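What shape does this take:
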Amino acid sequence: MNEHPSIVGASLGGDLSDRPPAIGRPFDAIGGVADDAGHRINKIQQDKTSVALDNMRGLVILLVLAFHSVMAYLGFLGSSTLPFDQPPYEWRAFPIVDSHRWFGFDIFCASQDVYLMSLFFFLSALFAWPSLERKGSRKFLGDRLLRLGVPFVFGLAIVAPIALYPAYRVTAADPSPITYGRRYLSLPFWPDGPMWFLWQLLALAVLLTALRRFAPRCVEFLGWLSSRAIDRPVRYFVGLATICALAYVPLALAFTPWQWSEYGPFSMQLSRPLLYAVYYFAGFGIGACGLERGLLATDGKFARRWSLWLAVALASFMLWMGLTALAMSDTAQFLPQLGSDISYALAGASGCFFMIAVFLRFGAARSRILGYLSHNAFGLYLFHYVFVVWLQYALLGLALIAIAKAAIVLAGTLILAWAATAALRFSRFGSRLIGEKPPGVGERHRGAGFSLMKGELGLERSQTAL
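Okay, here's the model as predicted:
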């Protein structure tokens, strides 16, 4: 992460001459030694925060499924699906294009695109520090390789080819599986679908481990900096949004906000790798401070100002939409594109802040449905794309409105992806694949907030569970 201490310090109002505390112990944002009563209060606060995060993660995985379920019915799409084996290979983003559309889905997808994956990266790193400290660099990295690398390879070899077969069939003269296999293998890249998230998360885990090994003071500084956010959430937001803009805008101007690139099996949206790294390390710093005493306290200033984050999120999102429409209507104009890119970074940061704050404030009571989604999150993420694309393909010939089709796709995907996840738990390989202990090996992790580190959409409940 390209951090500039002068910018960060000015934004957060921190005194850079202060000595950052050793990150090996939890940061005490208040100071002093906690007594038994204080420990019990912290434990209760930590439980509330963990439940709120658990509920939020359940909603987040549902939003991911909904996002992909409606993408065949976006109003701005062309009239038909493009050929499978000819550039620009737009089926990578839109495997199925239905003739039934609803513009409301465009608004929904745009509102999620500005913040949702950034929030995923933020959540992924919240529990990274206690896990890294307890396991050590070598074991931590080995676990990440197993819990991210193996599912990534499985997704490339099994999930993506099955999921993308309908994208080939809609335009193929010979829709046979054998011909599809030949065309698939002759592509100039290896399609990965949603699995790009896994390899990028693994790369960030490797980077985090390297920083701890070779630049530990940078890691300590990051945690210390994050500890200042508890009393200055607005300044922290300004600092985060500024760094996000610095990470995103130059790449968006150089490559456009939409361009993807593939290097063998590794794909990325060229404007966003640094942006996602910012959120990952922001989540790491917040998690290192301790959930119950830092920015994520359910009774803290950050959570109480949820309405402020909502207002900023709505205003910046509408600003981004307006400037993006202006920039797309005249691509020769630099200022509208610059304004669009800056407002995107602002909308993303405020969207993440609102989602987290509203759950901390109002979502600290256990929800059976959201907890269940959270518990099955990794399996849902791993398998959902297969069922989304095949259900969209199956509904192509039906004379149903777009909303009805999208609802059928989402409901069917939830049921089928859950069933696939449940079936995996009966085998040793399947359990390992979704980040759980195999049958008969200890007690299975249940009902826990997926720390996004137990397989990075994981199944761990709190820092102590790591």
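
Pull out the buried residues from stretch 231-239.
Within stretch 231-239, the residues that qualify as buried are 232-239, counting by 16 or more other Cβ atoms under 10 Å. C-beta coordinates here come from the backbone N, C-alpha and C atoms, glycine included.

quick one: which of the residues you listed is nearest to residue 347?
Closest approach to residue 347 among those (Cβ to Cβ): residue 237, at 12.5 Å.

Output stretch 242-249 as CSV, restricted to C-alpha atoms.
This file holds the C-alpha atoms of stretch 242-249, laid out as CSV (Å, rounded to 0.1, in the frame of the first residue of the first chain):
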residue,chain,number,x,y,z
THR,A,242,-8.0,10.5,0.2
ILE,A,243,-5.7,7.4,0.1
CYS,A,244,-8.4,5.5,-1.9
ALA,A,245,-8.5,8.4,-4.5
LEU,A,246,-4.7,8.4,-4.7
ALA,A,247,-4.7,4.7,-5.3
TYR,A,248,-7.6,4.6,-7.8
VAL,A,249,-7.7,7.7,-9.9
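
same question for it, mean pLDDT?
The average pLDDT within stretch 242-249 is 98.

What are the boundaries of the helices in the stretch 1-150 of the chain?
5-12, 36-70, 103-113, 116-124, 128-144, 150-154 (DSSP state H, counting those that start in this stretch).

Looking at those helices, which one is packed in the most?
By mean neighbour count, with neighbours taken as mean count of other Cβ atoms under 10 Å, helix 116-124 ranks first of those at a mean of 24.

Between helix 103-113 and that one, find me the angle.
When axes from the mean of the first three to the mean of the last three Cα atoms, to 10 degrees is applied, the directions of helix 116-124 and helix 103-113 differ by 30 degrees.

out of the helices of the stretch 1-150 of the chain, nearest to residue 353?
Evaluated over these, closeness to residue 353 peaks at helix 116-124, with 9.7 Å, by Cβ to Cβ.

gap between the closest one and the chain center?
The chain centroid and the centroid of helix 116-124 are separated by 3 Å under Cα atoms, centre = their mean, to the nearest Å.

can you list contacts of that helix?
Outside of helix 116-124, the residues within contact range by Cβ atoms under 8 Å, 6 or more residues apart in numbering are 53, 56-57, 60, 63-64, 67, 197, 201, 204, 272, 275-277, 279-280, 282-283, 286, 348-349, 351-352, 355-356, 451-453, 456.

what about residue 323, which helix or strand?
For residue 323, the enclosing helix or strand under DSSP states H and E is helix 306-329.

who wins for proximity to residue 421 among the helices of the stretch 1-150 of the chain?
Closest approach to residue 421 among the helices of the stretch 1-150 of the chain (Cβ to Cβ): helix 36-70, 11.3 Å.

where do the strands sit along the chain?
For the chain, strands defined by DSSP state E occupy the ranges 260-263, 266-269.

from those strands, which stretch is densest packed?
Ranked by mean neighbour count, the strands of the chain are led by strand 266-269 with a mean of 18 (mean count of other Cβ under 10 Å).

and that one, what other elements does it pack with?
Judged by 3 or more Cβ pairs under 8 Å, 6 or more residues apart in numbering; DSSP states H and E, strand 266-269 is in contact with helix 196-214, strand 260-263.

wait, which of these is closest to residue 110?
So among the helices and strands packed on strand 266-269, strand 260-263 is nearest, using Cβ to Cβ, at 17.4 Å.

before we move on, the earlier item: want to throw the helices of the stretch 1-150 of the chain into CSV with distance to residue 86 and mean pLDDT?
CSV is the format used below for the helices of the stretch 1-150 of the chain (distance: least, Cβ to Cβ, whole Å; pLDDT from 0 to 100):
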stretch, distance to residue 86, mean pLDDT
helix 5-12, 45, 30
helix 36-70, 24, 81
helix 103-113, 25, 96
helix 116-124, 28, 95
helix 128-144, 37, 90
helix 150-154, 27, 96
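
circling back to that earlier point, of the contacts of helix 116-124, select the buried ones using a ChimeraX command.
In ChimeraX, this line selects whichever of the contacts of helix 116-124 come out buried by 16+ other Cβ under 10 Å:
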select :53,56,57,60,63,64,67,197,201,204,272,275,276,277,279,280,282,283,286,348,349,351,352,355,356,451,452,453,456
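
ok, residue 193 to residue 384 distance?
Distance from residue 193 to residue 384, counting by Cβ to Cβ, to the nearest Å: 10 Å.

ditto for residue 359
Plainly put, residue 359 is 22 Å away from residue 384 if you go by Cβ to Cβ.

How about residue 418?
Separation of residue 418 from residue 384 (Cβ to Cβ) stands at 10 Å.

of these two, who's got more company?
The neighbour comparison of residue 418 against residue 384 (other Cβ atoms under 10 Å) goes to residue 384, with 27 against 17.

Next, count neighbours for the nearest residue to the more buried one once chain neighbours are set aside.
Closest residue in space to residue 384, ignoring its immediate chain neighbours: residue 417 at 4.5 Å, by Cβ to Cβ, 6 or more residues apart in numbering. Here the number of neighbours of residue 417 (other Cβ under 10 Å) works out to 23.

just residue 334 next, same as before
Neighbours around residue 334, by other Cβ under 10 Å: 10.

How about the contacts made by it?
Under the criterion of Cβ under 8 Å, 6+ apart, residue 334 has no neighbours.

How about the one 10 residues further on?
Counting by Cβ under 8 Å, 6+ apart, residue 344 touches 114, 248, 252, 257, 320, 324.

mind checking how far stretch 255-274 is from the chain centre?
16 Å.

quick one: low-confidence ranges for the chain?
Applying pLDDT under 70 to the chain picks out residues 1-46, 80-81, 292-293, 331-332, 440-466.

Tell me the spacing between residue 334 and residue 249.
Taking Cβ to Cβ, one finds residue 334 at 12 Å from residue 249.

my bad, should have said residue 269
Taking Cβ to Cβ as the measure, residue 269 falls 14 Å from residue 249.

Likewise for residue 212?
29 Å.

Tell me how far stretch 336-348 lies from the chain's centre.
20 Å.

buried set for that stretch?
Of all the residues in stretch 336-348, those buried under the rule 16+ other Cβ under 10 Å are 336-337, 339-348.

try stretch 406-422
Those would be 406, 408-410, 412-414, 416-418, 420-421, for stretch 406-422 by 16+ other Cβ under 10 Å.

Counting neighbours, what do you get for residue 357?
Applying other Cβ under 10 Å, we find 26 other residues in the vicinity of residue 357.
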